[in-house]
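> Generate a structure from the sequence data that follows.
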Amino acid sequence: MSTLQAVERNRAETSSSPSLQSLEYENDNGTSLAPVDRGLGAWSFVLAAFGALYLLTRLILVVIQIFAAFFVQAIVWAFPNSYGVFLDAYLNDPRYASQKQSGFLLPLAGTLSTGIIYLSSPVIHGLTGRRRYLRRPLLWLGTVLCWAGLFGASYVTKVEQLLVLQGIVYSIGGSFLYHPCVAYMSEWFVARRGLANGIMFAGTGFGSLLLPIALRPLFNRFGTQITLRILSIAIVCPLLLLLPFVKGRLPESRVPGPTARSTDRSWMRHRALWMILFLNTVQGFAYFVPLIWLPTFTTELRSSADSSLPLAALNGANVFGRIAMGTLSDRANPWLLGSMTLFSTSLATFVLWGVLSRNMAGLVAYGIAYGGFAGGWSSLWTGFIKPIAKDDPTLSSYMIGLLMLSRGLGNVLSTPISTSLLQGNASNDAHGKTGFDVAGGRFERVILYVGTCFAGAAVLAFAGWGMEKKRLLIGR
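The predicted model follows:
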């Protein structure tokens, strides 16, 4: 058959076949099918696919938002929560340790790096609550300040200058990064705010887990100054990539003005709010002490293991504790959860740190228990304030700011208290068999102080649970 004949035959067969545009097909049973390119079936499919794609896109964006906030938290809090490793390195560096007042000023730098972030909360939340358009500029300014604080600290040799740069400048930048993320989280989540809060705050533990592990090899190889320069670059690069994804749900109008509920001050008369603020302050008086002194305590064990290992274990357990407590706070009474975690932390401090931490295994066990129980405390905050703030994101973020302020008071005051409790000289040959006896009993009062504060906070939380039950019974 010639090529011309084959083409003509193919053309004839095509002309005799039914057209998709002109015919309704029949299936094998003779039932007619819906038309193509038109009709209810075709367009309903398009609309359904569009809706599914839209919802999937929105879900992906929300997931990206919360995990971007997760990594921002990891970067901001990793340095303050790992300052115990920095402190141990500074105290063993003659350039810093030989200076006057170094024993007081060096621990104070770590306190300020966390304390300023906490204490600035009401101011920043109050400012950005009415002026949402300031949040994103603050994020970028915070990135610059965090980098400048660490990079500048790498060139100074005076303890006072180190205090200003790593303790104050860095923490101001961290405040500008941290608080807009908290405000955005309150806009995106209501019913599952506890879970979202737990995931976001878990970033704190995640970053604080990795940094202590990395710091010791860096200090050993490069020293403190070059390590600070490396870290300053290591934080600014991911922040520049992540910040475009950290956005709010509500429009950021440049016209300031309070919302209708922002002028309502009835929440200030809620007794539960003042109870949780007082309880949170007591918890803050103890929470940061192990973070500061655990690496120094580990060094006194004269163990061949890395002195940052217990702190890394603590921060790693933080991740799971915060997510777990955030999830549970959406379903269970936060007062009851709080009393249980606070009591467990007190018991772990007395038994694991005070008695069983004469070796590295006992101290690592304490780090895991402390991080899991005490670390989840901040994830309960949204559960405490939800009955008061309802679904008002501005009021919710402002109350979180008040909680951070109260915790910051405990944080700032706990360092001079714990420093004064470190009485006695470290012994090179301590014969005691418990953690209380390490370094000639130098840390005994610190351990008792931490355990007692958590025990007192547990009693307050249990009293708050009883008060909440009574309020629900009488319908007030």
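> all contacts plus neighbour counts: C-alpha atoms, from now on.
Noted.
> Run through the protein and note the low-pLDDT ranges.
Applying pLDDT under 70 to the chain picks out residues 1-39, 41-46, 48-66, 190-191, 193, 253-264, 304-305, 423-432, 472, 474-476.
> Which helix in it has the most residues?
helix 193-242 (DSSP state H).
> Quick check: next helix or strand after that helix?
helix 271-300 (DSSP states H and E).
> Mind exporting the C-alpha coordinates of the helix or strand just after that following helix to PDB?
Later in the chain than helix 271-300, the nearest helix or strand by DSSP H and E is helix 309-329. Once non-C-alpha atoms are left out, helix 309-329 reads as follows in PDB (Å, rounded to 0.1, in the frame of the first residue of the first chain):
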ATOM      1  CA  LEU A 309      26.600  17.000  78.100                       C
ATOM      2  CA  PRO A 310      24.100  17.500  81.000                       C
ATOM      3  CA  LEU A 311      23.000  20.900  79.700                       C
ATOM      4  CA  ALA A 312      22.600  19.500  76.200                       C
ATOM      5  CA  ALA A 313      20.500  16.600  77.700                       C
ATOM      6  CA  LEU A 314      18.400  19.200  79.600                       C
ATOM      7  CA  ASN A 315      17.700  21.200  76.500                       C
ATOM      8  CA  GLY A 316      17.000  18.200  74.400                       C
ATOM      9  CA  ALA A 317      14.300  17.000  76.900                       C
ATOM     10  CA  ASN A 318      13.000  20.600  76.700                       C
ATOM     11  CA  VAL A 319      11.800  20.000  73.200                       C
ATOM     12  CA  PHE A 320       9.600  17.000  74.100                       C
ATOM     13  CA  GLY A 321       8.400  18.600  77.400                       C
ATOM     14  CA  ARG A 322       7.200  21.700  75.700                       C
ATOM     15  CA  ILE A 323       5.300  20.000  72.900                       C
ATOM     16  CA  ALA A 324       3.800  17.500  75.400                       C
ATOM     17  CA  MET A 325       2.700  20.200  77.800                       C
ATOM     18  CA  GLY A 326       1.300  22.400  75.000                       C
ATOM     19  CA  THR A 327      -0.700  19.500  73.700                       C
ATOM     20  CA  LEU A 328      -2.100  18.500  77.100                       C
ATOM     21  CA  SER A 329      -2.900  22.100  78.000                       C
END
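> Which other helices and strands does the longest helix of the chain contact?
Counting contacts by 3 or more Cα pairs under 8 Å, 6 or more residues apart in numbering; DSSP states H and E, helix 193-242 is packed against helix 39-81, helix 83-91, helix 135-153, helix 170-188, helix 309-329, helix 381-389.
> Now do the fourth one: distance to the chain's middle.
Just to be clear, that refers to helix 170-188. Helix 170-188 has its C-alpha centroid displaced from the chain centroid by 10 Å (Cα atoms, centre = their mean, to the nearest Å).
> same thing with the third one?
From the chain centre to the centre of helix 135-153 is a distance of 18 Å (Cα atoms, centre = their mean).
> and the following helix or strand past that helix, what does it pack onto?
Heading C-terminal from helix 135-153, the first helix or strand you meet, by DSSP H and E, is helix 159-162. Helix 159-162 sits against helix 102-119, with contacts defined as 3+ Cα pairs under 8 Å, 6+ apart.
> what comes up buried for the helix it packs on?
Using 16 or more other Cα atoms under 10 Å as the test for burial, helix 102-119 gives 102-103, 105-119.
> Next: stretch 116-130.
When burial is assessed from 16+ other Cα under 10 Å, stretch 116-130 yields the following buried residues: 116-122, 124-126, 128-130.
> From residue 442, how far off is residue 221?
30 Å (Cα to Cα, to the nearest Å).
> Comparing these two, which shows the higher neighbour count?
Taking other Cα atoms under 10 Å, residue 221 and residue 442 do not tie; residue 442 has more neighbours (20 against 11).
> Tabulate the helices and strands packed on helix 193-242 (a markdown table), appending distance to residue 396 and mean neighbour count.
Output for these, formatted as a markdown table (distance: least, Cα to Cα, whole Å; neighbours: other Cα atoms under 10 Å):
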| stretch | distance to residue 396 | mean neighbour count |
| --- | --- | --- |
| helix 39-81 | 17 | 17 |
| helix 83-91 | 30 | 23 |
| helix 135-153 | 16 | 22 |
| helix 170-188 | 7 | 25 |
| helix 309-329 | 15 | 27 |
| helix 381-389 | 5 | 21 |
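> Any idea which of these gets closest to residue 373?
helix 309-329 (6.2 Å; Cα to Cα).
> For that closest one, enumerate the helices and strands it packs against.
Where contact means 3+ Cα pairs under 8 Å, 6+ apart, helix 309-329 is packed against helix 193-242, helix 271-300, helix 360-374.
> Reformat those as CSV; add distance to residue 433.
Below are the helices and strands packed on helix 309-329 laid out as CSV (distance: least, Cα to Cα, whole Å):
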stretch, distance to residue 433
helix 193-242, 28
helix 271-300, 14
helix 360-374, 12
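> contacting residues for the residue nearest in space to the middle of the chain?
By Cα atoms, centre = their mean, the chain has its centre lying nearest to residue 201, at 2.4 Å. Contacts for residue 201 (Cα atoms under 8 Å, 6 or more residues apart in numbering) come out as 70, 73, 319, 322-323, 378-379.
> same thing but at 7 Å, please
By Cα atoms under 7 Å, 6 or more residues apart in numbering, the contact set of residue 201 is 70, 73, 322.
> Closest one of those to residue 457?
residue 322 (18.3 Å).
> With adjacent residues omitted, what lies nearest to the closest one?
Using Cα to Cα, 6 or more residues apart in numbering and skipping the chain neighbours, the partner closest in space to residue 322 is residue 376 (4.0 Å).
> Good, we can wrap up now.
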